[in-house]
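[1] Sequence plus predicted model, see below.
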Amino acid sequence: MEIFILTRYRYIIVVGFLMVSCSFPFIFIRCFGCPASGTWAEFGYYMPFIAILQVGWACAQISHLALIGQLVSTQSEKTELVSYRYVRLSVTMNSFSITSRYK
């Protein structure tokens, strides 16, 4: 039973990772053909990518937090894993955002 639970979380994490990876770059790329079309065309271009990013990010976040509870048993170990996770994610995503924006 425990293997099934870990596999299910891993599947959801992978789906979330793929959704974020596919949609994140398009948020920072200029809309093709939108300057001639107007503001609503830009809105229609960016909205699906932002929605996919938000759903994928939520899948990954919830799965990670649920998986931590399955991996360790004591509260201090859970706190330690969550703190490592937040530091790593914050540094990685902020670095990626900054470098992808200014290249």
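    On my side now, so go ahead.

[2] and the most centrally placed residue in the chain, what element?
    For the chain, Trp57 is the residue whose C-alpha lies nearest the centre (C-alpha atoms, centre = their mean; 3.1 Å). For Trp57, the host element (DSSP states H and E) is helix 39-71.

[3] which helices and strands sit right next to that helix?
    helix 2-28, helix 34-37, helix 75-101 (3 or more C-beta pairs under 8 Å, 6 or more residues apart in numbering; DSSP states H and E). C-beta: built from backbone N, CA, C; applies to glycine.

[4] picking up where we left off before, could you tell me how far the residue nearest to the centre of the chain is located from Phe49?
    Shown here: Trp57 relative to Phe49, a distance of 12 Å by C-beta to C-beta, to the nearest Å.

[5] Please enumerate the shared neighbours of the two.
    Common neighbours of Trp57 and Phe49, counting by C-beta atoms under 8 Å, 6 or more residues apart in numbering, are absent.

[6] In JSON lines, list the helices and strands packed on helix 39-71 along with distance to Phe43 and mean pLDDT.
    Formatted as JSON lines, those follow (distance: least, C-beta to C-beta, whole Å; pLDDT from 0 to 100):
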{"stretch": "helix 2-28", "distance to Phe43": "13", "mean pLDDT": "82"}
{"stretch": "helix 34-37", "distance to Phe43": "9", "mean pLDDT": "74"}
{"stretch": "helix 75-101", "distance to Phe43": "20", "mean pLDDT": "84"}
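
[7] Just to check, Arg101 is in contact with Ile29?
    No - in this structure, Arg101 is not within contact of Ile29 by C-beta atoms under 8 Å, at 10.7 Å.

[8] so how far is Ala41 from Cys31?
    7 Å.

[9] can you tell me which residues contact the residue nearest to the centre of the chain?
    Applying C-beta under 8 Å, 6+ apart, the residues near Trp57 are Gly16, Met19, Val20.

[10] can you list these in TSV and add neighbour count?
    Shown next, in TSV, are the contacts of Trp57 (neighbours: other C-beta atoms under 10 Å):
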residue	neighbour count
Gly16	20
Met19	20
Val20	19
